[in-house]
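Student: Quick one, fold the following:
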Amino acid sequence: MLLNSPNSLGIASRQSQRSTPSCWRGWVISILIFAFIVIFAKPPSAEDVVSTSTTSGSSLSVSSPSKKALAAGDVLVKCELLTPFDDEHESSAKGTLQITVRRSLAPLVSNAFLAMVTSKHFEHKYLFRVVEGFIVQWGIVSPNPDGGDKTKTKFPKVDIDPPPADIGDSRRSNVRGALNFAGGNSATGQVYINRSTNSHLDKEPGSLPFATLDELSMAIIDSVYSYKEGLGQVKAVKKGDEEVKRLFPRMSRIERCWIDNA
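Tutor: Below is the predicted model of the structure:
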């Protein structure tokens, strides 16, 4: 067979011409499909996923609470935390805590907490009790920063909300990230956050936890410096900023809290 004969080349040429339109149609269809995907595909928003670095350098996706994710009746509270007197350590705790208040599960104690937020009770409150692997606590009243006296507000002791119907519901248990009033009593005006799971506190008298911090907020709580208990933290906080700065310069503070209505 003569591969280079005029007859064989003519046949090949005519076959090539007949196949060309079909080839172009395939390319056009592929381009149209690609353009459709680019135009109508929606990338994930920053509200849906937050990427944060772990200590190993890998990336961890952590969901942040949003208004859309809240259950009906629940409320998102934000608190600004800082360490005002520590200029020596770059790792000093600071950031915004996001607290989901479970008003749908515990309306009585939740409303008591929200009333304190609205009245600005938690502004300028030092984290006077910080225990590794246990809790972080704040709410003791300090003198006004301008030097004036600040009258201690008396808060009512609200009734205890009934426990959850599901005994395994961790949203009302002292698990890591759960927030409750000190002693389960709203009259103290003090709250604590569980740094780890402390199930034994569920058996204490008083209210059960009624709010939860997300893991991004707990990373801030974990970075709060822990002074050994019983060194006079409470006395220093009651005296004011200068005493705290002199004796406990690494003590962190809640600067303000507010209800997120965004």
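
Student: any weak-confidence spans in the stretch 151-262 of the chain?
Tutor: Along the stretch 151-262 of the chain, the model assigns pLDDT under 70 to residues 151-152, 262.

Student: For it, just list every one of the strands.
Tutor: In chain order, the stretch 151-262 of the chain shows strands spanning 178-181, 191-194, 211-213, 253-259, with DSSP state E, counting those that start in this stretch as the criterion.

Student: Tabulate those (a markdown table), appending mean neighbour count and distance to residue 153.
Tutor: Using the backbone N, CA and C atoms, a C-beta is placed for each residue, glycine as well. Supplementary listing: the strands of the stretch 151-262 of the chain in a markdown table, determined by neighbours: other CB atoms under 10 Å; distance: least, CB to CB, whole Å:
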| stretch | mean neighbour count | distance to residue 153 |
| --- | --- | --- |
| strand 178-181 | 25 | 14 |
| strand 191-194 | 24 | 14 |
| strand 211-213 | 24 | 20 |
| strand 253-259 | 17 | 15 |
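
Student: Tell me which of those sits nearest to residue 228.
Tutor: strand 191-194 (17.6 Å; CB to CB).

Student: With just CA atoms, put that closest one into CSV.
Tutor: Taking C-alpha atoms only, strand 191-194 is exported to CSV below (Å, rounded to 0.1, in the frame of the first residue of the first chain):
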residue,chain,number,x,y,z
VAL,A,191,-19.6,34.6,86.4
TYR,A,192,-17.1,31.9,85.6
ILE,A,193,-16.0,30.0,82.4
ASN,A,194,-15.0,26.4,82.5
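
Student: now what about that strand, what contacts it?
Tutor: Under the criterion CB atoms under 8 Å, 6 or more residues apart in numbering, residues 113, 122, 129, 134-139, 174-182, 201, 209, 213, 218, 221 lie in contact with strand 191-194.

Student: Distance from that strand to the middle of the chain?
Tutor: Here the centre of strand 191-194 is set off from its chain's centre by 14 Å, with CA atoms, centre = their mean, to the nearest Å.

Student: partner strands of that strand, parallel or antiparallel?
Tutor: strand 135-138 (antiparallel), strand 178-181 (antiparallel) (DSSP bridges).

Student: want to throw those strands into CSV with distance to residue 194?
Tutor: What follows is the strands paired with strand 191-194, written out as CSV (distance: least, CB to CB, whole Å):
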stretch, distance to residue 194
strand 135-138, 6
strand 178-181, 5
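
Student: Go through these and name the closest to residue 29.
Tutor: Ranking those by their distance to residue 29 (criterion: CB to CB) puts strand 178-181 first, at 56.0 Å.
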